[in-house]
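Colleague: Next come a sequence and a model predicted from it.
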Amino acid sequence: MAILDILTLPDKRLKTIAEPVTVFDGELKKLTSDMLETMYDAPGVGLAATQVNVHKQVVVIDVSEEKDQPLCLINPKIISKEGVQTYEEGCLSVPNIYAKVKRAGKVEIEAQDVNGEKFCIEAEELLAVCIQHELDHLKGIVFLDHLSPLKRKMALKKLEKAEE
Ligand code: GNR
Ligand code: NI
């Protein structure tokens with residue numbers, strides 16, 4: 001197990017589009033366990049491989065109170081969306097910035113587990129938010145991209161200041 005480095009804005013590598021996983025081997029299992037350890041250590045409720053500079057469609061999530069319900073999503077796809085919700089989001093790749101983002105209220109996804117077995121999940125509330133936030137990372141999108149140009153500009157300015 002290992003704690004991986006998390007890329008932060010304005011790192012351009014966060015814009016990379018992740019490739020599908022085709023080989024379900026020990027290397028993939030090591031990646032998901034390292035990602036879970038990195039997520040729990042951060043701490044965060046989700047982590048996409050993009051954030052640790054691995055450009056494969058791999059996501060880990062745990063929104064449980066006890067941090068005992070890890071979810072690994074390989075090659076996840078949203079198959080249906082319903083309703084809307086607004087949630088105050090943060091991101092390990094955008095430290096100390098929080099903003100309200102409007103997303104689907106409910107999502108149904110199809111994914112594979114670390115062995116390549118397909119499964120479906122129906123999610124709402126924070127789990128649905130987190131799934132949509134992580135799937136965005138795999139497409140090179142961060143939550144700031146959902147804000148109005150003015151709000152995004154303010155957030156980026158705040159990030160820049162924090163760097164000094
Ligand atoms: O830890 C995280 N919390 C969070 C809160 C609201 C909406 C989304 C998230 S995901 C974030 C971890 C992260 O950056 N995942 O990519
Ligand atoms: Ni994030």
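Modeller: Looks like it arrived, so ask away. Residues are numbered from 1 along each chain as shown. Ligands and ions are numbered 1, 2, ... in the order given.
Colleague: Quick one: residues contacting residue 68.
Modeller: By CB atoms under 8 Å, 6 or more residues apart in numbering, the residues touching residue 68 are residue 62. The way it works is simple: take the backbone N, C-alpha and C, and place the C-beta from them, glycine included.
Colleague: And for the one 3 residues further on?
Modeller: Remark: with contacts taken as CB under 8 Å, 6+ apart, residue 71 is in contact with 60, 61, 62, 121.
Colleague: Skipping adjacent residues, who's closest to the third one in space?
Modeller: The shortest distance from residue 62 to any residue other than its chain neighbours is 4.9 Å, reached at residue 70 (CB to CB, 6 or more residues apart in numbering).
Colleague: Show me which of the contacts of residue 71 are buried.
Modeller: Burial of those was assessed by neighbour count (16 or more other CB atoms under 10 Å); the buried members are 60, 61, 62, 121.
Colleague: Among those residues, pick out the one closest to residue 8, please.
Modeller: For residue 8, the closest of the buried ones among the contacts of residue 71 turns out to be residue 60, at 18.3 Å, with distances computed as CB to CB.
Colleague: what bridges to that closest one?
Modeller: Residue 60 has the following beta-bridge partners by DSSP bridges: residue 47, residue 72.
Colleague: Give me the residues contacting stretch 73-83.
Modeller: Under the criterion CB under 8 Å, 6+ apart, external residues in contact with stretch 73-83 comprise 20-21, 24, 28, 57-61, 104-114, 116, 120, 131-132, 134-135, 138.
Colleague: what about 7 Å?
Modeller: Contacts made with stretch 73-83 from outside it, assessed by CB atoms under 7 Å, 6 or more residues apart in numbering, are listed as 20-21, 57-59, 61, 104-114, 135.
Colleague: Can you mark which positions in that stretch are buried?
Modeller: The neighbour-count check on stretch 73-83 (16+ other CB under 10 Å) flags 73, 74, 75, 76, 78 as buried.
Colleague: helices and strands of this protein: which one has the lowest mean pLDDT?
Modeller: Across the helices and strands of the chain, mean pLDDT, DSSP states H and E gives its lowest value to helix 149-163, namely a mean of 93.
Colleague: Could you pull out the buried residues of that one?
Modeller: Judged by neighbour count (16+ other CB under 10 Å), helix 149-163 contains these buried residues: 152, 155, 156, 159.
Colleague: could you redo those as TSV and give each row distance to residue 146?
Modeller: As requested, the buried residues of helix 149-163 are exported to TSV (distance: CB to CB, whole Å):
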residue	distance to residue 146
152	9
155	11
156	14
159	16
